[in-house]
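Next input, structure requested:
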Amino acid sequence: MKYIIAVIQPHRLEAVRTALNNIGVQGMTVSEVRGFGRQKGQTEIYRGAEYTMQYVPKVKIEIAANDGVADSVVDAIGESARTGHIGDGKVFVLDLEGVMRVRTGEMGADAL
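Now for the predicted structure:
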């Protein structure tokens, strides 16, 4: 099993959700987060004054997936979140050792 974490631009969330739905992803966790990468924040102008936002608003998506569909999930996120501009985000793939569905006590892939 794989644990997939994607950090994307907030306005791309709906496109990513639709793409994941189309490949059969049944669940995900979404969090509003802030951070920065290579761009080190962004400069904006508000009422004529320029100021720097050190942390850029992002959305973090977390998905647990079987090994067989993990590559499809990563591809779907990449294609639907990509704008071609700086700050599109990152996708991380980690090995997931175990999972338990709390309601039923199911373990492993059955719990997904």
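
measure the closest residue to T29 other than its chain neighbours to G48 for me?
Once flanking residues are discounted, T29 sits nearest to E62: 4.3 Å by CB to CB, 6 or more residues apart in numbering. (Each C-beta comes from the backbone N, C-alpha and C, glycine too.) For E62, the distance to G48 equals 40 Å [CB to CB, to the nearest Å].

helices or strands next to the top strand by length along the chain in the packing?
In the chain, assigned by DSSP state E, the strand with the most residues is strand 56-65. Contact here means 3 or more CB pairs under 8 Å, 6 or more residues apart in numbering; DSSP states H and E; on that basis strand 56-65 packs against strand 2-8, helix 13-22, strand 29-35, helix 67-81.

what angle do whatever helix or strand comes next after the longest one and strand 29-35 make?
Right, helix 67-81. Proceeding C-terminally, helix 67-81 gives way to strand 89-95 as the next helix or strand, assigned by DSSP states H and E. Orientation note: strand 89-95 sits at an angle of 130 degrees relative to strand 29-35 (axes from the mean of the first three to the mean of the last three CA atoms, to 10 degrees).

Can you list the buried residues in strand 89-95?
By 16 or more other CB atoms under 10 Å, the buried positions in strand 89-95 come out as G89, V91, V93.

residue contacts, the second one?
Read it as V91. Counting by CB atoms under 8 Å, 6 or more residues apart in numbering, V91 makes contact with I4, I5, A6, V7, V74, I77, G78.

try R82
With the criterion set at CB under 8 Å, 6+ apart, R82 makes contact with D88.
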